[in-house]
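Enquirer: With the sequence up front, the predicted model follows.
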Amino acid sequence: MIELKNITKKFNESTVNETTIFNDFNFTVKKGEFVSVVGSNGSGKTTLLNLIAGTYLPTSGSIILDGTDITKQKEFVRARRMSRVFQDPFKGVASNMTIAENLSLAENKGRLYGLSKGVSKSKTEYYKELVSSIGLGLEDKMNIPMGTLSGGQRQAVSLIMATMTPIDILILDEHTAALDPHTADTIMEITDKIVKEKNLTTIMVTHNLRYATEYGNRLVMMDKGNIIMDKSGEEKQKTKTDDILSVFVEISVECGN
Amino acid sequence: MDLILNTGIDGIKLGLCYAIVAMGMYIAYSVLDFPDLTADGSFPLGGVVGTIILYRFSLNPIFALLGGFVCGAVAGMVTGILHVKFNISKLLSSIITMTALLSVTLALTKLLTKTEFTTVNFSYTANGFSGLFNNGNEVLSNTKIIIILLVCVVAIKILLDLFFSTKLGFMLTATGNNESVVNSLGKDCGFYKILGLGIANGLMGLSGALYAQLTRNYDNTCGSGKVVLALASVIIGLSLFSKIRFVKPTTAVIIGGIIYSLALNYFTIIDSDGTYLKIMNAACFAIILIVNNGLKKNRVKKAAKTVKKGGEPL
């Protein structure tokens, strides 16, 4: 599905502050895989997502999505085929707009935003059904601005918005990190449900090792721009949180954390 | 007594005219989060273009308004393009356009008067041509003037309300609110910013053309202070009605414009030669901002209290 070939990414190139995050990095995600990516701070997880989403362009190398080279494509062009849920619950929704308005924007993704009516009554009914499926009681708040909702509710709506239209890849960028443990669990369950229902190819970066082992069918650990652990299928099923924790502690100690 | 009444009527007439500038500023400042200073240039631009259309081409006054709108819109789009395509900051790109427009309006004034004098009061009645509010030397009654102005303002308000309930309107709101949402929908924020600034300044140009017809006079300096006036109207309107949900922001902004213009007009009774008008303008604006910030702080405090008490479910 998506392939990163010989990626090199340098920041502040040709200055004294030059840092190389990736050097000849290769990474492939197959269709239908749900990959959890873990790693210490500065290991390159978020840079990896930013390269895939197009926030950063690689210094060299190429990115192939489903056979087409998207290395030079702008972020908003790539967004037509992939959706991203951010760590910050404010980033995925327009907080001055109501839930219904946000959902109507997301539903129209990939089509023309013209002078047709934004939200109709029949649409509101459909949106209500959609949000009632996640069971947070949001169906009674359709005409309330997103800004008045809590972080967890916003993140749930972001997830629905990200997956409303057919997409090739869902990118989850530590999307539970800003939430309290209980809410994070709820959001993770909703995520898993949506991913399974729609059979989405998913890349999830997380700091929560339990989520990484419990959810998804592939586990990747990164350190200093390299993949140091890559388990999938049965091997992944057998992996326990403690197993990866010990590896994690090892690399963290090396970093001096 | 007569003086107070007449000042009030004049204030309402001007206020209705300024309400259109205020609606334009509402789109730029509140919807797009773009403090747009282009207004000081696009307002007189609309005025001079409208006057040229009336005087040189003798077209229907409605065309003068449309011409003002189109030229203002082009000016707004220039600001947008400077910001979006060349990464110039919002404030600076609008200052650049505003400065350039000063020359554009002067050049157009030469075209209007066909003389070398550029600082002019170009009177409609003295030159014997008609606008919406006068037929040669005959000026319409106050009631008729206010009705015509009301029709213009309400028509624009309804069109804007309809526009902002469409998908395209939603995208404009989302652009000002959170660019990453628009990006993630696979659309370019830049396009919506340019479009929005075009509409905003189009309204300012239209208002300029209307203002020239209302005062039956085009004056090159009529643009100065329009940014402050528009911003003040927007902030007064929005903060007055912030708690009442069924009042649309466009309505709030119109009322804000009328209130501000009335206040300024009454001030001219005391300050008859206009020396202190601008400082009054500035002071009014400062007070509005200070009061508005105070209100906001209170609201935040109250909100924090309710969260502490009960907390929100999930």
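Expert: It's in.

Enquirer: any idea how far residue A:237 is from residue A:141?
Expert: 39 Å (CB to CB, to the nearest Å). Backbone N, C-alpha and C define where each C-beta goes, glycine included.

Enquirer: For residue A:56, grab the count of nearby residues.
Expert: 17 (other CB atoms under 10 Å in any protein chain shown).

Enquirer: Would you mind giving the secondary structure of it?
Expert: What DSSP: H, G, I helix; E, B strand; the rest coil gives for residue A:56 is coil.

Enquirer: Regarding it, what are the backbone dihedral angles?
Expert: Here is the backbone geometry of residue A:56 (degrees, to the nearest 10): phi -110, psi 150.

Enquirer: Ok, residue B:91 next?
Expert: Taking degrees, to the nearest 10 as the convention, residue B:91 sits at phi -60, psi -50.

Enquirer: Contacts only, for it.
Expert: B:35, B:37 (CB atoms under 8 Å, 6 or more residues apart in numbering or on different chains).

Enquirer: How about residue A:87?
Expert: Residues counted as contacts of residue A:87 (CB under 8 Å, 6+ apart) are A:173-175, A:177-178.

Enquirer: ok so, going back, what about residue A:237 and residue A:141, which has more around it?
Expert: residue A:141 (18 against 10).

Enquirer: surely the more buried one meets residue A:154?
Expert: No - here residue A:141 lies out of contact with residue A:154, judged by CB atoms under 8 Å, at a distance of 11.6 Å.

Enquirer: secondary structure class for residue A:196?
Expert: Assignment for residue A:196 (three-state DSSP): helix.

Enquirer: By neighbours, which of the contacts of residue A:87 wins?
Expert: That'd be residue A:175 among the contacts of residue A:87, by other CB under 10 Å, with 26 neighbours.

Enquirer: Which residue, other than its chain neighbours, is closest to that one?
Expert: residue A:85 (4.3 Å; CB to CB, 6 or more residues apart in numbering or on different chains).

Enquirer: ok, that neighbour - contacts?
Expert: Listed by CB under 8 Å, 6+ apart, the contact partners of residue A:85 are A:92, A:155, A:158-159, A:162, A:170-173, A:175.

Enquirer: go with 10 Å
Expert: By CB atoms under 10 Å, 6 or more residues apart in numbering or on different chains, the contact list for residue A:85 reads A:91-92, A:155-156, A:158-159, A:161-163, A:170-176, A:187, A:191, A:204, B:184.

Enquirer: try residue B:181
Expert: So residue B:181 contacts A:91-95, A:97, A:102, A:105-106, A:146, A:158, A:161, B:171, B:174-175, B:187, B:189 (CB under 10 Å, 6+ apart).

Enquirer: Point me to the residue of chain B nearest chain A.
Expert: For chain B and chain A, the shortest gap (CB to the nearest CB) falls at residue B:186, measuring 3.6 Å.

Enquirer: Now do the residue nearest to that residue when sequence neighbours are not counted against residue A:131, distance only.
Expert: Excluding the flanking residues, the one nearest residue B:186 by CB to CB, 6+ apart is residue A:80, at 3.6 Å. Distance from residue A:80 to residue A:131, counting by CB to CB: 24 Å.

Enquirer: Which one of those two is surrounded by more residues?
Expert: A direct count of neighbours by other CB under 10 Å for residue A:80 and residue A:131 places residue A:131 higher, at 22 against 17.

Enquirer: For the more buried one, give its distance to residue A:22.
Expert: 39 Å.

Enquirer: Repeat that for residue B:7.
Expert: 71 Å.

Enquirer: just residue B:164 next, same as before
Expert: 44 Å.

Enquirer: And those two? Which one has more around it.
Expert: Neighbour count, other CB under 10 Å: between residue B:164 and residue A:22, residue A:22 has more, with 25 against 18.

Enquirer: Contact partners for the closest residue in space to residue A:11 that isn't next to it in sequence?
Expert: Nearest residue to residue A:11 in three dimensions, chain neighbours excluded: residue A:19, at 5.0 Å (CB to CB, 6+ apart). Residue A:19 makes contact with A:9-13, A:42, A:225, according to CB under 10 Å, 6+ apart.

Enquirer: In strands, which of those fall?
Expert: A:9-11 (DSSP state E).

Enquirer: Now restrict those to buried residues only.
Expert: Neighbour-count burial (16 or more other CB atoms under 10 Å in any protein chain shown) applied to these gives residue A:9.

Enquirer: Verify the contact between the residue nearest to residue B:186 and residue A:169 for me.
Expert: No - taking contacts as CB atoms under 10 Å, residue A:80 lies outside contact range of residue A:169: 11.4 Å.

Enquirer: Need the three-state assignment for residue 22.
Expert: Just going to use chain A. With three-state DSSP as the basis, residue A:22 sits in strand.

Enquirer: so what's it scoring on pLDDT?
Expert: Here, the pLDDT recorded for residue A:22 equals 89.

Enquirer: roughly how far apart are it and residue A:11?
Expert: Taking CB to CB, one finds residue A:22 at 11 Å from residue A:11.

Enquirer: do residue B:155 as well
Expert: In this view, residue B:155 and residue A:11 are 53 Å apart by CB to CB.

Enquirer: Which residue lies nearest the spatial centre of chain A?
Expert: residue A:172 (1.5 Å; CA atoms, centre = their mean).
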